[in-house]
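Student: sequence? don't have it. structure:
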């Protein structure tokens, strides 16, 4: 009965359940709702916990100008990254990955840069990874030129490039640029977050500096997360930039009227056997190939035909360059001593003066590389070459025969030449001028005098005043001074101690320099021997005797202007028709007397053979005495 009652109870319960079937689903839904509430609550709790423990990982930064959806879409875009090395506040170097600024933000970034920087943010940004976005390859390709135009922006911060080379100028330039680079990087961080310039460079009203620095850190960490996510997905770092690269500047400058100059830096390899200098540049978009003749007589085909070519080229491939057999820490300066060398004028005007202008900046730590080497030339100018470089000169032909490949961090192929025997200060990269070269000569050859004898000076031990010395250059083959003895007597009668010297290519440069430096004035007919004037002490006088034939312009350009540039007094004595032997070769009504400059159109060879080498000179001594008095007046001033 109890069992039956139990069954009946079950049926009753079932009957009640059947009658109460409507509320039961509501009870189940209530339970599900509570369960869902618990799950949602746990999720919110975890989210709050994460945000409170790492506030710089905020999912939706309120400081950004992008919506959450736009931020997520932007995070999926590929990022173009550049790597540069910077110094940390502790003095150590590290690699930073810095993005190219997108076009729409470059103006904003440049504006930020012009403002002052928050010190805390500045210290932080030295060691922070900054990442910027690009929308597409076209935008990326236009970003870098704009950066370079905004002086002192991200391009300036990345100027060292991946090779980590110090810019010319040394440590000071790097120190001066450091703060600018730091301010720039902070500005890039501002562009990432979309915060205004004042938020990065100064304290915003009502916002403490700690919040400002923390907001900048958050931007940096967001960028780092993007970069890590990209690396995990194995996307190329430079994908957004495509294959478009910043074009490299030309290796050589062909604009100068005297010489073509190639100034190259990086991984420079001298393939001596091929007379080639190869620059290995993995970032080069295309290869460059140039051929130059390293001698500063660019317009003279006869001269330049004697100069061997040097090839200068770039390659992006390591296997496209020869392997080094010897590496040099010093830069190289490459030049030829062919051409017209052997003539003292060309020795100095074409080689030694331009070589000083090109190599002096290295303070002796430079490797001289020579083409068309003549051993006698090296012996003659050994002291000057040693004063310019403490390394033995390198003969390009001999190195090529030995199969050598010399490697340098920098090489200058050809020499920086200005005017004949002149260095122009405004054109010199180091602000040099002609007097700097003559001081270099006196120092290298240990010439003692840097001023001429003054006539108003004290008398000697015997009570007599020292006579000024006058050097008369005697030519041995052409443009002879036929009455040399008369000129010497006139000089002695005027009060000079006359010295006669015949300049010869074989003369020892030290002995010649010592003799001329002991003199106070020099006289000579237009020609290479007048080049010795550079050994005179500053303030001395040069007298140039100009042959007949309208050669005043040549005399002035070759020796008159250089003499004045050296700090010498200059007198130009132009002979009359009666003083030239041309009067014995041509009738008096010939054009060579009536209009000699009209004959110059026949070319330099005519000028040289007829007007220069084709005449000798007999000076009118009575007329020349006035020149000697003028020289004495110069010494009396």
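Tutor: It's in. None of the values given here were measured: they were computed from a predicted structure. Residues are numbered from 1 along each chain as shown.
Student: average pLDDT for stretch 555-574?
Tutor: The average of the pLDDT scores along stretch 555-574 is 98.
Student: report pLDDT for residue 125.
Tutor: Reported pLDDT for residue 125: 29.
Student: ditto for residue 348
Tutor: At residue 348, pLDDT is 97.
Student: surely it is in contact with residue 421?
Tutor: Yes - contact criterion C-beta atoms under 8 Å: residue 348 and residue 421 qualify, at 6.1 Å. For the C-beta atoms, the positions are set from N, CA and C on the backbone; glycine is no exception.
Student: which residues do those two both contact?
Tutor: Residues touching both residue 348 and residue 421 by C-beta atoms under 8 Å, 6 or more residues apart in numbering: 531, 534.
Student: the nearest residue to residue 368 once chain neighbours are set aside: how many residues sit nearby?
Tutor: Nearest residue to residue 368, sequence neighbours excluded (C-beta to C-beta, 6 or more residues apart in numbering): residue 393, at 4.6 Å. Applying other C-beta atoms under 10 Å, we find 17 residues neighbouring residue 393.
Student: mind checking how far residue 393 is from residue 542?
Tutor: According to C-beta to C-beta, to the nearest Å, residue 393 stands 32 Å off from residue 542.
Student: and the residue nearest to residue 368, what's its pLDDT?
Tutor: pLDDT, residue 393: 96.
Student: now do the same contact list for it.
Tutor: 368-370, 373, 378, 385.
Student: pick out the most distant pair among those residues.
Tutor: Distance extremes for those: the farthest pair is 369 and 378 at 13.1 Å, using C-beta to C-beta.
Student: of these two, give the one with the bigger neighbour count.
Tutor: residue 369 (25 against 15).
Student: wait, a helix at that one?
Tutor: No - counting by DSSP: H, G, I helix; E, B strand; the rest coil, residue 369 is not part of a helix but strand.
Student: correct me if wrong: it contacts residue 333.
Tutor: Yes - Residue 369 lies in contact with residue 333 (C-beta under 8 Å); the separation is 6.9 Å.
Student: shared neighbours, these two?
Tutor: residue 411.
Student: need the contact list for residue 273.
Tutor: Contacts of residue 273 (C-beta under 8 Å, 6+ apart): 400-401, 403.
Student: if we go to 10 Å?
Tutor: 322, 396-397, 399-405 (C-beta atoms under 10 Å, 6 or more residues apart in numbering).
Student: farthest pair in the residues you listed?
Tutor: 322 and 397 (16.8 Å).
Student: show me which of these two is the more surrounded one.
Tutor: residue 322 (18 against 15).
Student: right, and that one touches residue 405 too?
Tutor: Yes - at 4.5 Å, residue 322 and residue 405 qualify as touching, with contact defined as C-beta atoms under 10 Å.
Student: what do those two both touch?
Tutor: 269-274, 276, 278.
Student: right, and residue 277 touches residue 268 too?
Tutor: Yes - when contacts are counted by C-beta under 10 Å, residue 277 is listed as touching residue 268 (6.0 Å).
Student: the two: which is more packed in?
Tutor: residue 277 (27 against 23).
Student: from the shared contacts of residue 322 and residue 405, keep the buried residues only.
Tutor: Taking 16 or more other C-beta atoms under 10 Å as the criterion, what is buried in the shared contacts of residue 322 and residue 405 is 269-273, 276, 278.
Student: what is the nearest of these to residue 257?
Tutor: residue 276 (25.6 Å).
Student: now do the contacts for the closest one.
Tutor: So residue 276 contacts 269-270, 289, 291, 309-313, 321-322, 400, 405 (C-beta under 10 Å, 6+ apart).
Student: which of these fall in strands?
Tutor: When these are checked against strands (DSSP state E), the matches are 269-270, 289, 291, 310-313, 405.
Student: which of those are buried? Put it as a PyMOL command.
Tutor: Filtering the ones in strands among the contacts of residue 276 down to the buried ones (16+ other C-beta under 10 Å) takes a single PyMOL command:
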select buried, resi 269+270+310+311+312+313+405
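Student: farthest-separated two in the ones in strands among the contacts of residue 276?
Tutor: Largest pairwise distance in the ones in strands among the contacts of residue 276, by C-beta to C-beta, is 19.3 Å, between 291 and 405.
Student: identify the bridge partners of the nearest residue to residue 277 once chain neighbours are set aside.
Tutor: Leaving aside its sequence neighbours, residue 277 sits nearest to residue 312 (C-beta to C-beta, 6+ apart; 5.0 Å). With DSSP bridges as the criterion, residue 312 is bridged to residue 277, residue 290.
Student: I'd guessed residue 312 sits against residue 411; true?
Tutor: Yes - using C-beta under 10 Å, residue 312 is in contact with residue 411, at 8.5 Å.
Student: shared neighbours, those two?
Tutor: 262-264, 268, 277, 279, 334.
Student: any low-confidence regions in the stretch 401-550 of the chain?
Tutor: The stretch 401-550 of the chain contains residues with pLDDT under 70 at 456-465, 503-506.
Student: any residues touching the helix or strand containing residue 631, and which ones?
Tutor: Taking DSSP states H and E as the criterion, residue 631 maps to helix 621-636. If you take C-beta under 10 Å, 6+ apart as the criterion, helix 621-636 is touched by 452-457, 468, 470, 483, 486-487, 489-496, 520-523, 539-543, 545, 568-573, 575-576, 579, 619.
Student: run the last query once more with 8 Å
Tutor: 452-456, 468, 470, 483, 486-487, 490-491, 494-496, 520-521, 541, 543, 569, 571, 573.
Student: ok, of the residues you listed, which come out buried?
Tutor: Applying 16+ other C-beta under 10 Å to those flags 452-453, 455, 468, 470, 483, 487, 490-491, 494-496, 520-521, 541, 543, 569, 571, 573 as buried.
Student: locate residue 397 within the secondary structure: which element?
Tutor: helix 396-401.
Student: give the buried residues for that helix.
Tutor: Of the residues in helix 396-401, those buried (16+ other C-beta under 10 Å) are 396, 399-400.
Student: output the residues you listed in a markdown table; the columns should cover pLDDT.
Tutor: Listed next are the buried residues of helix 396-401 as a markdown table, based on pLDDT from 0 to 100:
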| residue | pLDDT |
| --- | --- |
| 396 | 95 |
| 399 | 96 |
| 400 | 95 |
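Student: so which of the contacts of residue 276 is the closest to residue 562?
Tutor: Nearest member of the contacts of residue 276 to residue 562, counting by C-beta to C-beta, is residue 310, at 28.5 Å.
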